[in-house]
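[1] sequence? don't have it. structure:
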């Protein structure tokens, strides 16, 4: 199994280590040298030097193919993508933008097809989300496939299943770039109330304890709502005590089908004024894929979706025009 990736990324070239959040820019000539290098031959001296200096790895004299994956250039120009592997969840959070959490999606063969298309499109960073992605029956097979395609993977989760040994073993073998965990309270009462599931706090703590013991690369998303606003500082203190970095989120969005019920969970005292939207790279260097393989410019702008299983990679040629039209609609 490879430990490093050399890959094009949005007009540049990167050298990355799986499971590490540190990377290096590669000059184009160095990338090309690796691209044509015989995988059975030892690593170039400069590669052995930089991997030793940056990550403490000793690859001197080792065949390049034993530790390095060199990703080929893509003509499509995408660098990142997000993928809802499912919409089903074991929680029923009051603030959730998904609204109806229908546990449906593609068969595994179509999931793997979509992942291959993403890799061919140039996607280097992939966020796997849901619903709760770890409860999907194909999560582990899909995660391993994405890893083997040379993607740096972020998993967005509620941590309720991170105590499972099969998941932890997979993350040891195929290290994630990041595990982003949402936290919904600092006590059992507030956590269970917001998630509307008795025992959710206990599962969260069990999962976080296991993830911390496994030294997974964690980042917390602190979700502030009417139910837990009084515990905002306690949630921050908990993250600090655990030694885990965090971001605080206070503003909710309508559901993906346009319902406003998720907005009632907002804590009015904690709402923050958002900057006027001025456009982004959605649809041009980034895209989102839903559980049925339907691609949109992002998880919020889901108009004019493109079916990856049906249209294949050529369908992505329409995303740029869709993105520009949606940006103009918002005044961007």
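    Done, it's in. Worth saying up front: this structure is predicted, and the values here are computed from it rather than measured. Numbering: from 1, shown residues only.
[2] from memory residue 144 sits against residue 169, does it?
    No. The criterion here is Cβ atoms under 8 Å, and residue 144 misses it with residue 169 at 11.3 Å. Heads up, the C-betas are built off the backbone N, CA and C, glycines and all.
[3] Let me see the domain layout of this structure.
    4-70, 80-324 (automatic domain parsing).
[4] Can you tell me which of those domains is most buried?
    Comparing these by mean neighbour count (mean count of other Cβ atoms under 10 Å), domain 80-324 ranks first with a mean of 18.
[5] mean confidence for it?
    In this model, domain 80-324 has a mean pLDDT of 91.
[6] where along this structure do the strands fall?
    4-9, 12-17, 23-25, 68-70, 80-84, 125-129, 152-157, 178-183, 218-223, 245-249, 286-289, 294-296, 306-307 (DSSP state E).
[7] Now do the fourth one: everything it contacts.
    This means strand 68-70. 2-7, 31, 34-35, 37, 39, 43, 47, 150 (Cβ atoms under 8 Å, 6 or more residues apart in numbering).
[8] what distance separates that strand from the middle of the whole chain?
    21 Å (Cα atoms, centre = their mean, to the nearest Å).
[9] Same question for the shortest one.
    Taking the mean of its C-alpha atoms, strand 306-307 sits 20 Å from the chain's own mean (Cα atoms, centre = their mean).
[10] residue contacts, the spatially closest residue to residue 123 that is not a sequence neighbour?
    Computed as Cβ to Cβ, 6 or more residues apart in numbering, the closest residue to residue 123 that is not its neighbour in sequence is residue 81, at 4.5 Å. Residue 81 makes contact with 118, 121, 123, 125-127, 286-289 under the criterion Cβ under 8 Å, 6+ apart.
[11] can you do 6 Å?
    Contact partners of residue 81, counting by Cβ atoms under 6 Å, 6 or more residues apart in numbering, are 118, 123, 126, 287.
[12] farthest-separated two in the residues you listed?
    126 and 287 (10.9 Å; Cβ to Cβ).
[13] give me every residue that touches the closest residue to residue 210 other than its chain neighbours.
    Nearest non-adjacent residue to residue 210, counting by Cβ to Cβ, 6+ apart: residue 163, 4.0 Å away. Neighbouring residues of residue 163 by Cβ under 6 Å, 6+ apart: 206-207, 210.
[14] ok, so of those residues, who is nearest residue 219?
    When the contacts of residue 163 are compared against residue 219 (criterion: Cβ to Cβ), the nearest one is residue 207, at 14.6 Å.
[15] pretty sure the closest one contacts residue 164?
    No. Counting by Cβ atoms under 6 Å, residue 207 does not reach residue 164; the two are 8.6 Å apart.
[16] Distance of residue 86 relative to residue 296?
    For residue 86, the distance to residue 296 (Cβ to Cβ, to the nearest Å) stands at 17 Å.
[17] Also residue 9?
    Following Cβ to Cβ, the distance that separates residue 9 from residue 296 is 22 Å.
[18] One more: residue 1?
    Distance from residue 1 to residue 296, by Cβ to Cβ: 33 Å.
[19] Same list (the contacts of residue 81) but as a markdown table, adding distance to residue 159.
    What follows is those, written out as a markdown table (distance: Cβ to Cβ, whole Å):
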| residue | distance to residue 159 |
| --- | --- |
| 118 | 25 |
| 123 | 25 |
| 126 | 20 |
| 287 | 27 |
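[20] Name the nearest of those relative to residue 183.
    residue 126 (23.1 Å).
[21] Excluding chain neighbours, what is closest to the closest one?
    That would be residue 151: by Cβ to Cβ, 6+ apart, it lies 4.5 Å from residue 126.
[22] and if you look at residue 31?
    residue 13 (3.9 Å).
[23] what pairs with that neighbour across the strands?
    Beta-bridge pairing for residue 13 (DSSP bridges): residue 8.
[24] what sits against it?
    Neighbours of residue 13 in contact, by Cβ under 6 Å, 6+ apart: 26, 28, 31.
[25] The same query, at a cut-off of 8 Å, please.
    6-7, 25-28, 30-31.
[26] That one and residue 22, how far apart?
    16 Å.
[27] how about the helices in the stretch 51-200 of the chain?
    When assigned using DSSP state H, counting those that start in this stretch, the helices of the stretch 51-200 of the chain occupy the ranges 108-120, 139-148, 165-173, 188-195, 200-213.
[28] Out of the ones you listed, the one nearest residue 323 is which?
    helix 108-120 (17.2 Å).
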